[in-house]
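>>> Would you be able to build a 3D model of this:
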Amino acid sequence: MIKNRRISSWHYWLINLLLVVTAVLLINGLVMPLITFKQLVFFTKTFSVLSGVKALYSEQQYLLFVIVLLFSIVIPIIKWVILLVNWNFPVSNKRLRSKVLKLSTSLARWSMLDVFAVAVFVVMMKIDLIAEVQTHRGLVIFTLAVLSLMLLTTYINYILSRTFLNRP
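Now for the predicted structure:
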């Protein structure tokens, strides 16, 4: 727990609640259906981020598989874990704290690339002009998770840099 007079107890718990909400959004955004492809009358396929990654791998689309896996699954999870650890277990060493904050900020710059990776996936699957694409609630939830991660990263880094690094 953060032991500093500048951060009140309710503020500490509020950020933790937002971290939990973000985790729930992220998990649901990864497993809920994002899009459904309909081709003619015979073929209908619904994808989540996870099933889309699996489909890309099974179709030997290895470059897209790596891009979507990395930017839509791995990096958001790493960002969330860094935020959780950074907020709940602050490092007292200023140099290490500064490096962790810089890493967190660097990962935050890649935030919208998560959504871009899903968009690339949609475009790749819609190459066939006969296909109709329908989006689902999972796309909105995944986008909210990405935006929530981005905002929490900015806010937590701001608070921690002011509190522990004595920046104005």
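
>>> how close does residue 160 get to residue 92?
From residue 160 across to residue 92, the span is 12 Å (Cβ to Cβ, to the nearest Å). All C-beta atoms are positioned from the backbone trio N, CA, C, and that covers glycine.

>>> more neighbours, these two?
Just comparing residue 160 and residue 92: by other Cβ atoms under 10 Å the higher neighbour count belongs to residue 160, 22 against 8.

>>> Can you verify the more buried one is assigned to a helix?
Yes - secondary structure of residue 160 (DSSP: H, G, I helix; E, B strand; the rest coil): part of a helix.

>>> Show the contacting residues for it.
86, 87, 90, 97, 101 (Cβ atoms under 8 Å, 6 or more residues apart in numbering).

>>> and those residues as a markdown table, adding distance to residue 153?
Output for the contacts of residue 160, formatted as a markdown table (distance: Cβ to Cβ, whole Å):
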| residue | distance to residue 153 |
| --- | --- |
| 86 | 9 |
| 87 | 10 |
| 90 | 15 |
| 97 | 15 |
| 101 | 10 |
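
>>> Please flag which of those residues sit within helices.
86, 87, 97, 101 (DSSP state H).

>>> that older thread, now the contacts of residue 160 in CSV, with neighbour count and distance to residue 68?
Shown next, in CSV, are the contacts of residue 160 (neighbours: other Cβ atoms under 10 Å; distance: Cβ to Cβ, whole Å):
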residue, neighbour count, distance to residue 68
86, 19, 26
87, 22, 28
90, 18, 33
97, 18, 33
101, 22, 28
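
>>> can you put those residues in a markdown table and add distance to residue 16 and pLDDT?
Below are the contacts of residue 160 laid out as a markdown table (distance: Cβ to Cβ, whole Å; pLDDT from 0 to 100):
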| residue | distance to residue 16 | pLDDT |
| --- | --- | --- |
| 86 | 12 | 82 |
| 87 | 7 | 85 |
| 90 | 13 | 70 |
| 97 | 19 | 72 |
| 101 | 18 | 73 |
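
>>> Sort out which one of those residues lies nearest residue 17 for me.
Distance ranking of the contacts of residue 160 against residue 17, using Cβ to Cβ, places residue 87 first at 11.5 Å.
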